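1. Build the 3D model from these lines:
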Amino acid sequence: MGLVTLTFDFLTLKMVCESHLRCGNFLRNLGRLGLWALELFATYATNRQKHYPNYITFGSSAMCNHIESEIIRGRPFGGLMTLIKKEFRNLMQTIHCEERFTVVKLANYLIINVYLPCVGTKDRLLLTEQLFENLWYWRERFVNCECIIAGDFNVDLKNCHDDVSLYINSFMNAHRLSRCDNLSQYCGQPTYINFALNHQSCIDFILASNITETSCFEILDPDINFSDHLPICVTVTCDILPNRKSKETTNNALLPCQYFFTLG
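-> Alright, predicted model coming up:
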C-alpha cells in the first residue's frame, strides 16, 4: 500500500472576543482552514458546539473555576480551544487538555497548543517548567509521531537575560525542536503589537520536531483582528498511509490530500 501526501496550513490565532458568535463569524471569514486551535479571552466554554456546528470543539475554559468560586476581578481571561472540522474526524484524536495547553493528534502529527504565563506571574519559571514537562509526557506517549508546539510563549526567545527564555531554548536543544521562523524573512519580527502602549515584541512561536516538513512560515496581518497578537502560519507536508475510513476527507483520490486547519 503506497503513501499519500498530506499538506496542511497550521495557524496560531489569539482571539479577544465578546462572544462565541463574534468569534464564529471571524473564523468563517478565514474559511479555508479546517482545524483551529485558539487562545480565547473573555469567553466561556459552555454551549460551544451550537456556535460552531461544522466543528468538533475541544478545550478548557480557565474562567469556569473562577466563576464558580469567586467574583471576577481584573482583566478577563478564557482558555484554549481547538476546533476540528467534522469531516476530519477519522484522521484526528483528541488527547488531553488543560488551562494552558491542549493536545490533538492529526494523522502522524501531535499538535500542542500552549499559552505560557506572562511576565509578572508568580512562580513563572516554575509554571513554565511544569508545563513543558507535562506536555512532553504526552509527546513521549506518541513517539512515532512528529510534533508541533505552538502558541503564545509570552517571552522573546532571543532574550538571553530572561530565565524562561533560557529554559525554553535549553528544552528545544535537548529535544531537537526547531523554530519554524528561523529560516524565513519573518524571523524576529514582532507578533505582539500594542499601539496604546507603544510596544511590540516577538513572543508567538511554532516549534517543530521535523523542520524539513515545514515551509512558508508567515506572520499574517488580517483585515479583521480582535487581538494585539498577529496570527502566525506554517505549511506542513508529510506522508501517511491511506485510510479507507477517511476517504471522504480527501479532495481527490488520485491527487495528494489537501487538508487545512488552524491552531492558536
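2. Can you pull the poorly scored residue ranges out of this protein?
-> Filtered on pLDDT under 70, the chain yields the residue ranges 1-11, 13-52, 60-78, 226, 241-264.
3. Which strands or helices does the lengthiest helix in it pack on?
-> Taking DSSP state H as the criterion, the chain has its longest helix at helix 124-141. Judged by 3 or more C-beta pairs under 8 Å, 6 or more residues apart in numbering; DSSP states H and E, helix 124-141 is in contact with strand 101-106, strand 109-115, helix 163-174. Where you see a C-beta, it was placed from the backbone N, CA and C, and this is true even at glycine.
4. Packing partners of the shortest one?
-> Strand 101-106 makes packing contacts with strand 35-41, strand 55-61, strand 79-85, strand 92-97, strand 109-115, helix 124-141 when contacts are defined by 3+ C-beta pairs under 8 Å, 6+ apart.
5. can you give me the strands for the stretch 151-264 of the chain?
-> Ranges of strands in the stretch 151-264 of the chain, per DSSP state E, counting those that start in this stretch, are 178-179, 192-194, 199-201, 204-208, 214-219, 232-240, 257-258.
6. Which among the helices and strands packed on strand 101-106 is found nearest to residue 190?
-> Minimum separation from residue 190 across the helices and strands packed on strand 101-106 (C-beta to C-beta) falls at strand 35-41, 17.4 Å.
7. May I have the beta-bridge partners of the closest residue to residue 190 other than its chain neighbours?
-> Leaving aside its sequence neighbours, residue 190 sits nearest to residue 200 (C-beta to C-beta, 6 or more residues apart in numbering; 3.9 Å). Per DSSP bridges, the residues bridged to residue 200 are residue 193.
8. Neighbours of residue 200, how many?
-> Residues near residue 200, counting by other C-beta atoms under 10 Å, number 15.
9. just checking, it touches residue 192?
-> Yes - between residue 200 and residue 192 there is a contact at 6.2 Å, judged by C-beta atoms under 8 Å.
10. just to revisit the earlier point, just put the strands of the stretch 151-264 of the chain in JSON lines and tack on distance to residue 133.
-> Output for the strands of the stretch 151-264 of the chain, formatted as JSON lines (distance: least, C-beta to C-beta, whole Å):
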{"stretch": "strand 178-179", "distance to residue 133": "20"}
{"stretch": "strand 192-194", "distance to residue 133": "26"}
{"stretch": "strand 199-201", "distance to residue 133": "26"}
{"stretch": "strand 204-208", "distance to residue 133": "16"}
{"stretch": "strand 214-219", "distance to residue 133": "25"}
{"stretch": "strand 232-240", "distance to residue 133": "25"}
{"stretch": "strand 257-258", "distance to residue 133": "34"}
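11. can you pull the contacts of residue 147?
-> Residues near residue 147 by C-beta atoms under 8 Å, 6 or more residues apart in numbering: 109, 110, 112, 139, 177, 208, 209.
12. Most tightly packed of the helices and strands packed on helix 124-141?
-> Of the helices and strands packed on helix 124-141, the one with the most neighbours on average (mean count of other C-beta atoms under 10 Å) is strand 109-115, at a mean of 25.
13. Mind listing the shared neighbours of residue 200 and residue 192?
-> Joint contacts of residue 200 and residue 192 (C-beta under 8 Å, 6+ apart) do not exist.
14. Check the strands of the stretch 151-264 of the chain for me and report the most buried one.
-> Highest mean neighbour count of those: strand 204-208, a mean of 23 (counted as mean count of other C-beta under 10 Å).
15. Restrict it to CA atoms and write it as PDB.
-> C-alpha atoms of strand 204-208 as PDB (Å, rounded to 0.1, in the frame of the first residue of the first chain):
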ATOM      1  CA  ASP A 204       4.500  33.800  19.500                       C
ATOM      2  CA  PHE A 205       6.200  30.800  18.000                       C
ATOM      3  CA  ILE A 206       5.800  27.500  16.200                       C
ATOM      4  CA  LEU A 207       8.300  24.700  17.100                       C
ATOM      5  CA  ALA A 208       8.600  21.600  15.000                       C
END
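16. closest to residue 128 out of the strands of the stretch 151-264 of the chain?
-> Of all the strands of the stretch 151-264 of the chain, strand 204-208 comes closest under C-beta to C-beta, at 13.4 Å.
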